[in-house]
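**Q** Everything below, folded, please.
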Amino acid sequence: MNDVNIFFLVAHIFLGTLGIIFLTAYLLSIFKKEADFKWLKINSSLALLSFVASWITGGYYYTSYYGKSVKPIILKGEFSWVHSVLMETKEHVFLVLPFLTLTLFAVTYLGQPDIKKDKKLSLAVAGLCFTTVSVALAIMLFGIAVSGAVGK
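**A** Reported below is the predicted structural model:
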């Protein structure tokens, strides 16, 4: 693997992890007695940027290296199902992650007055954030499992 592919792989992992951290901070902030919308906006913005950048860097890594070099090794190994099940799921579910985050971002910016007033809406936004964090964590765990299958 060359330095460019290493950079894109590390950036993909780092940016995805940052997105999870920003969404977790968002989730913790929205449950405060008086949610600070300045921080909710910052966290939703940074999470969106992180996931979109992770999407791009992961796509580059997949098309330039993983698909040609790593995938065949996994498919020939004893854990070929890891690619067939986990990586295929990761690839398709990851496509939704930036859109979930974009929805959270839009609701935060456009619905601020309503979120402050309406407890049910606030809980629904928190539910969307929790779902997005859960999906992102599952994707991360799938990536870890795929990485572990390379050497087996």
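**Q** What residues sit buried inside the longest helix along the chain?
**A** Criterion DSSP state H: the longest helix present in the chain is helix 119-150. Neighbour-count burial for helix 119-150, with 16 or more other CB atoms under 10 Å as criterion, is recorded at 122, 125-126, 128-129, 132-133, 135-136, 139-140, 142-143, 145-146, 149-150. Where you see a C-beta, it was placed from the backbone N, CA and C, and this is true even at glycine.
**Q** Looking at the residue of the chain most remote from its centre now. What's its pLDDT?
**A** The C-alpha centroid of the chain is most remote from K117, which lies 29.3 Å away (CA atoms, centre = their mean). Note on K117: pLDDT of 84.
**Q** Could you measure from it over to T131?
**A** Taking CB to CB, to the nearest Å as the measure, K117 falls 23 Å from T131.
**Q** Excluding covalently adjacent residues, which one is nearest to the residue nearest the centre of the chain?
**A** By CA atoms, centre = their mean, the chain has its centre lying nearest to A136, at 4.0 Å. Of all residues not flanking A136 in the chain, I20 sits nearest, at 4.9 Å (CB to CB, 6 or more residues apart in numbering).
**Q** Identify the residues contacting that neighbour.
**A** Counting by CB atoms under 8 Å, 6 or more residues apart in numbering, I20 touches V133, A136, L137, M140.
**Q** Report the secondary structure state of K33.
**A** Of the three states, K33 takes coil under DSSP: H, G, I helix; E, B strand; the rest coil.
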